[in-house]
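Enquirer: my questions concern the predicted model and sequence given below.
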Amino acid sequence: MEPIYEGKTKKIYPYGDNVILLFKDVFTAFDGKKVENVSGKGEVNARFTELLMRYLEQKGIPTHFVRREGNRIIAKKTSPLPLEFIVRNYAYGSLLKRLPILEKGQKLKVPVYEIHYKNDELHDPLLAENDPVAAGLLTEEQAGKIKELTLKINDYLSELFERAGFKLIDMKLEFGIDKNGNIILIDEISPDSFRAHKDGKSYDKDLFRKGESGSKVLKRYLELLKALEETVNAYL
Ligand SMILES: Nc1ncnc2c1ncn2[C@@H]1O[C@H](COP(=O)(O)OP(=O)(O)OP(=O)(O)O)[C@@H](O)[C@H]1O
Ligand SMILES: [Mg+2]
């Protein structure tokens, strides 16, 4: 079957009222300029997404997650917003370029909330907070709802990671509009989309960006997955 969409790390197939997200066995960085195939990577990211979305559902956050089969996630079909929502707890990545007065790694006084326009050629530019409303991509109400959900998700996951012994540095979320017109969390939550640290070490895609081999990076992802699974299971 032909995918509806093929991105750098996933293929999306139609599946009735749902979609199938097939997570590819590939690491990519620098807008796709660096690529490495590692067997088993897709399933690991699908497992992160399952664990964390189920956890969030329990907390009352609406997500697209239905079920997982190996490296595939069956999810509710939505109209995906062409936007990325980032929340940051510590200063890393592009925030340091924008605000050079920050010291790398410093704890932020409050979480920073950012909206970016999804566009590889433009390198996902940062928007002003009311740009999506001005452009007609979101209503005022939807924009408020997404900000509220993003900050709640950050609180829930920061707490979970802390109990597992990790710091949630920052993360990127995506939202879509489901068939009832509701805003729901979509896409993935994995070390490709968040930064996590323990004892000053990265457990996320920064390792790959910095030149670590794909198989080493995947081992680190698995260590974090195991710790989070144990924490979630102890809590349930
Ligand atoms: N439930 C859903 N309904 C509709 N589209 C979805 C859903 N979940 C995820 N998507 C979309 O599927 C795509 C996932 O593919 P992938 O992440 O590989 O590509 P991408 O985000 O377009 O590009 P990139 O390679 O930069 O990540 C994204 O565009 C995402 O918005
Ligand atoms: Mg993506």
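Expert: Yep, that arrived. Ligands and ions are numbered 1, 2, ... in the order given.
Enquirer: distance from the chain centre to stretch 44-51, please.
Expert: 11 Å (Cα atoms, centre = their mean, to the nearest Å).
Enquirer: tell me the buried residues in the lengthiest helix in the chain?
Expert: As assigned by DSSP state H, the longest helix anywhere in the chain is helix 140-163. Within helix 140-163, the residues that qualify as buried are 142, 143, 146, 149, 150, 153, 154, 156, 157, 158, 160, 161, counting by 16 or more other Cβ atoms under 10 Å. C-beta: built from backbone N, CA, C; applies to glycine.
Enquirer: between these, which is nearest ligand 1?
Expert: Closest approach between those and ligand 1, by Cβ to the nearest ligand atom: residue 146, at 13.9 Å.
Enquirer: could you report the neighbour count for the closest residue to ligand 1 within the chain?
Expert: The chain approaches ligand 1 most closely through residue 7 (1.9 Å), counting by Cβ to the nearest ligand atom. Residue 7 has 14 neighbours, counted by other Cβ atoms under 10 Å.
Enquirer: how about residue 84?
Expert: 19.
Enquirer: so is whichever helix or strand it is part of next to ligand 1?
Expert: Using DSSP states H and E, residue 84 sits in strand 83-90. No - in terms of Cβ under 6 Å from any ligand atom, no part of strand 83-90 sits within range of ligand 1; the closest distance is 8.3 Å.
Enquirer: compute the inter-axis angle for that strand and helix 140-163.
Expert: Put simply, strand 83-90 runs at 40 degrees to helix 140-163, going by axes from the mean of the first three to the mean of the last three Cα atoms, to 10 degrees.
Enquirer: strand 83-90 pairs with which strands?
Expert: strand 107-117 (antiparallel), strand 167-177 (antiparallel) (DSSP bridges).
Enquirer: looking at these, which is buried most?
Expert: Of all the strands paired with strand 83-90, strand 167-177 carries the top mean neighbour count, a mean of 21, counting by mean count of other Cβ atoms under 10 Å.
Enquirer: rewinding a little: and the pLDDT for the residue of the chain closest to ligand 1?
Expert: Model confidence at residue 7, given as pLDDT, is 95.
Enquirer: output the set of residues of the chain in proximity to ligand 1.
Expert: Near ligand 1, when you scan the chain using Cβ under 6 Å from any ligand atom, you find 5, 7-10, 12, 19, 21, 64, 75-78, 80, 174, 176, 186-187.
Enquirer: if we go to 8 Å?
Expert: 5-12, 19, 21, 24, 28, 31-32, 64, 75-81, 118, 120, 124, 174, 176, 184, 186-188 (Cβ under 8 Å from any ligand atom).
Enquirer: any chance of a PyMOL selection covering the buried ones in those residues?
Expert: In PyMOL, this line selects whichever of the residues of the chain next to ligand 1 come out buried by 16+ other Cβ under 10 Å:
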select buried, resi 9+10+11+12+19+21+24+28+64+75+76+77+78+80+81+124+174+176+184+186+187+188
